[in-house]
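Trainee: Coordinates for the following, if possible.
(chains A and B)
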Amino acid sequence: MSSRRIRSRGPAAVLLTLALFGALAACSGDQPGDTPLPDVSDALEGLPTAPDPCPLITTDEATAAFGSPAGACESDGDQFVQLARIRAVEDGRGQIDLTISVGGQAEFDQLRSEAEAANDEFRELDLGDAAFVHSPFSIEVVVLKGDLVLSVRLGGSAFLPDEAATISLATTATGRLTPA
Amino acid sequence: MSLARLAEHLVAMPDERIRWKLVWEFMEEYRWEPAAVQVGLLVDEPASVGDERWDALLAALSEHLLAQHDLAPPDWSETRVLRKAWFPAQLAIARADALVRAPAAFRKHGVYLSAHDLTAA
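Mentor: Residues are numbered from 1 along each chain as shown, chains lettered A, B, ... in the order given. Below is the predicted model of the structure:
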């Protein structure tokens, strides 16, 4: 599967268009009060809801990535973003941060552009609809699947993260992620 | 103004609108400092503001700005990560913009603030 394949526009593309329109409207003219912002409540309601990331990685898989026992996954979030974290039982011996957000192609492109510009060992991956790995002092894989953007970050203060392990976790998580 | 000094001001000003003005003031002052001075403004650990969202915001700011100098985030910033994402913007359109445009360092700390808001400060 090509990491650069063209995909259909989903609700996230509509969201970006509205965001850009809103930004332009707010910037145009000397009297911004004359240009009302569009009501985007319907578009926002049409967005998919970010699912809980915890089911994407099992405790055994986290334990294998850490090389030491992993604790339970904890998550919280709202419609747009769900955050989850799995920590090694022993402090600093490993941490997996999972984020699922619903910004789709526009959000993924922004993240890829920023990572590419930072030049921190950026590399594209053949995963999901598009994906990349980079190493901003921890190792992170970002995957686009449908309108969902999945981030898998492996790190820890007393833990040297391994790129192959991070990609393996991301591949597993992507396989279990159901596109909205 | 250093990040640590900004935190002191934030503690003294519970009104969120004034807090944001202080953050923009910090950004404006920071922008005009020479590069060598800029780094020194970011590395000392700020005291807790008493609100984990603002503590995470300071950590994100430090990491975001230090990355522009190709420097690692300070140790103190690593634990300041929100369990639930924070969208400071109230307007739906601004939240949507932040979802798409929040810089990576801010996302890492669970703070969804548009890059546009940072540059426009």
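Trainee: what does chain B have sitting close to chain A?
Mentor: Within chain B, the positions lying close to chain A (CB under 8 Å from any CB of the partner chain) are B:67, B:72-73, B:75, B:78, B:81-85, B:87, B:91-97, B:99-101, B:103-104, B:107-108, B:110, B:112, B:116. (C-beta placed from N, C-alpha, C; glycine too.)
Trainee: Buried ones among the residues you listed?
Mentor: B:67, B:73, B:78, B:81-82, B:85, B:87, B:92-97, B:99-101, B:103-104, B:107-108, B:110, B:112, B:116 (16 or more other CB atoms under 10 Å in any protein chain shown).
Trainee: Just the element for A:Leu98, please.
Mentor: Using DSSP states H and E, A:Leu98 maps to strand A:95-101.
Trainee: ok, stretch A:171-180 near chain B or not?
Mentor: No. Shown here: stretch A:171-180 not in contact with chain B (CB under 8 Å from any CB), separated by at least 14.0 Å.
Trainee: Provide a list of residue ranges in chain A with pLDDT below threshold.
Mentor: A:1-46, A:180 (pLDDT under 70).
Trainee: domains of it?
Mentor: A:11-46, A:54-176 (automatic domain parsing).
Trainee: Using a markdown table, lay out those together with mean neighbour count.
Mentor: As requested, the domains of chain A are exported to a markdown table (neighbours: other CB atoms under 10 Å in any protein chain shown):
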| stretch | mean neighbour count |
| --- | --- |
| domain A:11-46 | 15 |
| domain A:54-176 | 19 |
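Trainee: The ones you listed: which one's closest to B:Asp15?
Mentor: domain A:11-46 (23.7 Å; CB to CB).
Trainee: what does the lowest-mean-pLDDT helix or strand in chain B rub up against?
Mentor: The least trusted helix or strand in chain B, going by mean pLDDT, DSSP states H and E, turns out to be helix B:115-119, with a mean of 79. The contact list for helix B:115-119 (CB atoms under 8 Å, 6 or more residues apart in numbering or on different chains) reads A:23, B:27, B:64, B:89, B:97-98, B:101-103.
Trainee: centroid residue for chain B?
Mentor: B:Leu61 (3.2 Å; CA atoms, centre = their mean).
Trainee: Can you check what pLDDT the model gives that one?
Mentor: Note on B:Leu61: pLDDT of 96.
Trainee: ok, now B:His64?
Mentor: For B:His64, the model assigns a pLDDT of 93.
Trainee: same check, this time on the one 10 residues further on
Mentor: B:Pro74 is assigned 93 on the pLDDT scale.
Trainee: Name all residues that make contact with the closest residue to it other than its chain neighbours.
Mentor: Take B:Pro74 and drop its neighbours on the chain: the residue closest to it by CB to CB, 6 or more residues apart in numbering or on different chains is B:Val43, 5.3 Å away. Going by CB under 8 Å, 6+ apart, B:Val43 touches B:62, B:66, B:74.
Trainee: number of nearby residues for the residue nearest to the residue nearest to the centre of chain B when sequence neighbours are not counted?
Mentor: Distances taken as CB to CB, 6+ apart place B:Leu3 nearest to B:Leu61, at 6.7 Å, with adjacent residues excluded. B:Leu3 has 21 neighbouring residues, counting by other CB atoms under 10 Å in any protein chain shown.
Trainee: Now do the contacts for B:Leu3.
Mentor: Applying CB under 8 Å, 6+ apart, the residues near B:Leu3 are B:26, B:41-42, B:44, B:46, B:58, B:61-62.
Trainee: Give me the buried subset of these.
Mentor: Buried among the contacts of B:Leu3 (16+ other CB under 10 Å): B:26, B:41-42, B:46, B:58, B:61-62.
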